[in-house]
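Undergrad: just the structure for this:
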Amino acid sequence: MALTNNYLKRDKVFQSRELFNKSLLRSIAEKSEIVKEGGGKKAIEKLHNFKKLHCRERIDLLIDRHTKFFEIAKFAAYGMYEEYGGAPSSGTVFGIGKIHGRNCVIVANDATVKAGAWFPMTCKKNLRAQEIAMENRLPIIYLVDSAGVFLPLQDEIFPDKEHFGRIFRNNAVMSSMGIPQIAAIMGPCVAGGAYLPIMSDETIIVEGNGSIFLAGPHLVKAAIGEVIGSEALGGGEVTTTVSGITDEMVPDDRTAIEKIRSLVSKFGNNEKAGFDRIKSVSPQYEQKEIYGIIPEDSSKPYNTYDLISRIIDAGEFDEYKPEYGQTIITGYARIDGWAAGIVANQREIVKKKTAKSGAEMQFGGVIYSDSADKATRFILNCNQRKIPLVFLQDVTGFMVGSQSEHGGIIKDGAKMVNAVANSTVPKITIITGNSYGAGNYAMCGKAYDPRFIFAYPNAKIAVMGGAQASNVLLDIKIGQMKKLGKEIHEDDKKKFLEEISGRYEEQTNVLYAASRLWIDGIIDPAKTRETISYCIELADNNPNIPKFNTGVIQT
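TA: Reported below is the predicted structural model:
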């Protein structure tokens, strides 16, 4: 059935929200342009002087003309490592692009950022790239140009399970899965990093610029006293004619890219998952009206149906249990032709009918027992029918208080978390506002393996809302000072609260989340629909959907 009454008046409230959200988007776009320059224009010019292309130029040549590069984790390490001069985009660019019509994961070191050295976030970002390749059975292309591990932070990148060595382990696992891996050595490739291209299926090296060895000339001299240059130690000619560790030497970056494109063009086609898709139909209302829906103040309510009707095809929404558990909206729809199951937090205050009093108010954005129960059942249905799940997350948490506790909110919340955790159909999460506490988990936050997770520029991720957290932390601070016998004045309380609020506000900012890869990226709200559609297209490339089993659930 079609959603109705979702026409928006372009009144002062709409206009104020629109201006606010467009301003946030412009701010993110401006920061994005700075990040894309990596180490800066002068550093890029220096690369050109060595007849090398910048990593973004390489990617532009690699993907099909007139197609877009779906960049992921652009803001990785944003605002981090400032004591070392920063690491824009963590010194690595990665995303998904089409090569001869085939979706491929592409990972490219940015040699303008500390010579492409690996920071801890670089490692985390590369592991995410491999995870996406494995989950969606996508070929992966490595454009290698790196000086190796950033030594001042080696203890945070080298020995642990999710550190540097995991990347080479993933190379081996992907090979066993039949996922194609191609590497082009376009600059230095040193020490442990040398395993990445050599564990790929095919390796190309660029003459004069590419080099690969376990120990560079300086370390060789220090270790065994041998004096040798990079080219003689592990340059293109040596590795293709003497050691045989690379497969082909090419004269420059452009030729290497042409070679990769030629190789990819000959890949066979894989079986698809078979998610249902029909001809796409435009939404009932303009997508850009989303700017006028999302409030400036994240604590303010809005009608989530207004958001949904600007994402789904023709406003057609088969809602599941519309009169029950109304703080979560569940239903089947099509997004750009793809069948999808939507689980969304309703941000409006709703009235719940009860047997005793007839009605009671429920706060929007809060998960109650009945809404958790409904969402659980809906998730089971989508897994039964092989329908991808889309979570539109704007949640302040689960309902608290004696009535909720006595009613079994923990039990019902646990059922929902169990269903989300064990769901085997692809899950795509969009954080449209708040993402607080256990609500983040139940609505498929990063810990629950969404295939992809994105956020709007206004999104906030934290264990609780800023006002609540600031007051709790203030109470703790005051208690500590009282134990020390110190007197607390009102001015001191105000000062402490401002300091705590400022720090908490910084940590809940969407850029803070993006820099640490809690999300895959910050998206334009008006592009929600095309983002979800492309994510389902990518997920459809993996035909292997495990059998769904929730294990033990308390009823």
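Undergrad: remind me which residues of the stretch 251-400 of the chain are low pLDDT?
TA: By pLDDT under 70, the weakly predicted segments of the stretch 251-400 of the chain are 352-360.
Undergrad: can you give me the helices for it?
TA: Counting by DSSP state H, counting those that start in this stretch, the stretch 251-400 of the chain has these helices, from start to end: 253-264, 304-308, 369-385.
Undergrad: just those helices: most buried one?
TA: Across the helices of the stretch 251-400 of the chain, averaging neighbours per residue (mean count of other Cβ atoms under 10 Å) puts helix 304-308 on top, at a mean of 23. To be clear about C-beta, it is placed using only N, CA and C from the backbone, and glycine gets the same treatment.
Undergrad: rewinding a little: I'd like the helices of the stretch 251-400 of the chain as CSV, with distance to Leu47 appended.
TA: CSV is the format used below for the helices of the stretch 251-400 of the chain (distance: least, Cβ to Cβ, whole Å):
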stretch, distance to Leu47
helix 253-264, 10
helix 304-308, 43
helix 369-385, 47
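Undergrad: out of those, nearest to Thr112?
TA: helix 253-264 (14.4 Å; Cβ to Cβ).
Undergrad: dump that closest one to PDB, restricted to CA.
TA: Provided in PDB are the C-alpha atoms of helix 253-264 (Å, rounded to 0.1, in the frame of the first residue of the first chain):
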ATOM      1  CA  ASP A 253      51.700   4.000 -14.100                       C
ATOM      2  CA  ARG A 254      49.400   4.400 -17.100                       C
ATOM      3  CA  THR A 255      50.600   1.200 -18.700                       C
ATOM      4  CA  ALA A 256      50.200  -0.600 -15.400                       C
ATOM      5  CA  ILE A 257      46.600   0.600 -15.100                       C
ATOM      6  CA  GLU A 258      45.800  -0.500 -18.700                       C
ATOM      7  CA  LYS A 259      47.200  -3.900 -17.900                       C
ATOM      8  CA  ILE A 260      45.000  -4.300 -14.800                       C
ATOM      9  CA  ARG A 261      42.000  -3.200 -16.800                       C
ATOM     10  CA  SER A 262      42.800  -5.800 -19.500                       C
ATOM     11  CA  LEU A 263      43.200  -8.600 -16.900                       C
ATOM     12  CA  VAL A 264      39.900  -7.700 -15.200                       C
END
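Undergrad: which elements pack onto it?
TA: helix 55-62, strand 92-99, strand 181-190, strand 202-206, strand 248-250 (3 or more Cβ pairs under 8 Å, 6 or more residues apart in numbering; DSSP states H and E).
Undergrad: looking at those, which is nearest to Gly502?
TA: Proximity to Gly502 (Cβ to Cβ) singles out strand 92-99 among these, at 31.0 Å.
Undergrad: okay, the angle between the helix or strand just after the closest one and strand 92-99?
TA: Downstream of strand 92-99, the next assigned helix or strand under DSSP states H and E is strand 102-109. Here strand 102-109 points in a direction 160 degrees away from that of strand 92-99 (axes from the mean of the first three to the mean of the last three Cα atoms, to 10 degrees).
Undergrad: hey, what's the angle from strand 102-109 to helix 55-62? Just curious.
TA: Orientation check (the same axes, to 10 degrees): strand 102-109 against helix 55-62 gives 160 degrees.
Undergrad: just to revisit the earlier point, relative to Glu506, which of the helices of the stretch 251-400 of the chain is closest?
TA: When these are compared by Cβ to Cβ, helix 304-308 sits nearest Glu506, at 27.1 Å.
Undergrad: select the longest helix from this protein.
TA: The residue-count maximum for a helix in the chain (DSSP state H) belongs to helix 12-36.
Undergrad: by contact count, what packs against the helix or strand following it?
TA: Counting by DSSP H and E, the next helix or strand C-terminal to helix 12-36 is helix 41-49. Using 3+ Cβ pairs under 8 Å, 6+ apart as the contact definition, helix 41-49 packs against no other helix or strand.
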